[in-house]
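> Predicted model and sequence below, questions to follow.
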Amino acid sequence: MKNNIAILCSGGDVSGMNPALKRFVEYAFTHGMQPYFVHNGYEGLIDNHIAPANYHDVAGIITRGGTKIGSSRSMRFKEASYRAIAAENLRSHGIDKLIVLGGDGSFRGMERFYHESGIAFCGIPSTIDNDINGTDYCLGVDTALGVIKDAIDQIRDTASSFRRAFVIETMGRNCGYLALVSAITSGAEVCLIPEISLDIHDYKGCFQSQIAKGRDYFIAVVSEALNSAEVAQWFADELGFESRISVLGHIQRGGNPSVYDRLMAYKFVTYAIDALLEGKSHSIICYTQSHFNFKTIDEVALHPYQLDQELLTLAREQFLPSHCQM
Ligand code: F6P
């Protein structure tokens, strides 16, 4: 085997992947390795879109969201026959180490691939949803939260000018992390996430009292797993507030990577390459209680992700209708 190492991105892209690619190329060269890019995730692995990377490929990309090498959600990689083709492609380039930026589904696929092919990998948790068990932080979350903050701040400008209720829908799949942190840090009146069960109708008395004392617009942050339309209708029907829904959508996945995501990309990639060089063959690099540590996919996928209990407790105090300030 030559001293070749590859990187790929799988699943939803995040801001932070490009800074990770830059660090990957530079740190691989530092160790005398030849870095390779696999384009378009596992699809590119199967179709042999694998090419050597150099400094020119990563020049200037630290400022850009998305991923220069593309990503995909591959159905074919779930089939052993395609994984065998992917392994052969890597071998033909002399690559025996791979870094995967993605989610737990992508790592599960990689684990099978490792056992079949012997090609070592290290997974870097990357999803704006922040819903991977075993790590407190996934690459891209901070930038996504910054994008949401800017959007809500701007929506607040118009909400306050019109005496309206704005229902702002965030991404996150079935995880309320983005909605919860955004609601707290943007001063929203309502936060609806799957992890906290509450009935919007229970806010009625409290909000009526607040309106009587001068509240003249509302911001409600709702996770995409829940029904924004119902909430908007409730403001109109029950409080007589004109309401609007703003679905933030894919803008949450883009944008100039934050300082924190650039730093985390740098650290994740550095430790991932170090781990592969030390002989760790199938691990996921996690970040818990401010420390990096390595876990197996079984440890990561053992439980479904659970939102931080402290954050949930604070959120209950803030957002449960029973705690609403009259
Ligand atoms: O997992 C990241 C994510 O952005 C989710 O928050 C969202 O539900 C989903 O991907 C959207 O997927 P797609 O880009 O395929 O529409």
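Yep, that arrived.
> any residues touching the helix or strand where E310 lies, and which ones?
For E310, the host element (DSSP states H and E) is helix 309-319. Defining contact as CB atoms under 8 Å, 6 or more residues apart in numbering, one finds that helix 309-319 is touched by L180, V181, A183, I184, V190, C191, I193, E195, I196, L198, H323. For glycine as for every other residue, the C-beta is placed from the backbone atoms N, C-alpha and C.
> Just give me the closest of those residues to the ligand.
Proximity of those to the ligand was ranked by CB to the nearest ligand atom; the top entry is I193 with 13.0 Å.
> neighbours of A165, just the number please.
Using other CB atoms under 10 Å, A165 is surrounded by 25 other residues.
> Direction included, what does the helix or strand it falls within pair up with?
Per DSSP H and E: A165 is located in strand 164-170. For strand 164-170, the paired strands and their directions (DSSP bridges) are strand 218-223 (parallel), strand 242-247 (parallel).
> per-residue confidence averaged over stretch 233-251?
In this model, stretch 233-251 carries a mean pLDDT of 97.
> from the middle of its chain, how far away would that stretch be?
26 Å (CA atoms, centre = their mean, to the nearest Å).
> ok so, going back, the contacts of helix 309-319 into CSV, with extra columns for pLDDT and secondary structure?
Below are the contacts of helix 309-319 laid out as CSV (pLDDT from 0 to 100; DSSP: H, G, I helix; E, B strand; the rest coil):
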residue, pLDDT, secondary structure
L180, 98, helix
V181, 98, helix
A183, 98, helix
I184, 97, helix
V190, 97, strand
C191, 97, strand
I193, 97, coil
E195, 96, coil
I196, 95, coil
L198, 92, coil
H323, 88, helix
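> just the buried members of those residues?
Neighbour counting with 16 or more other CB atoms under 10 Å marks L180, V181, A183, I184, V190, C191, I193, E195, I196, L198 as buried within these.
> Which pLDDT does the model give G118?
96.
> again with M1
For M1, pLDDT reads 51.
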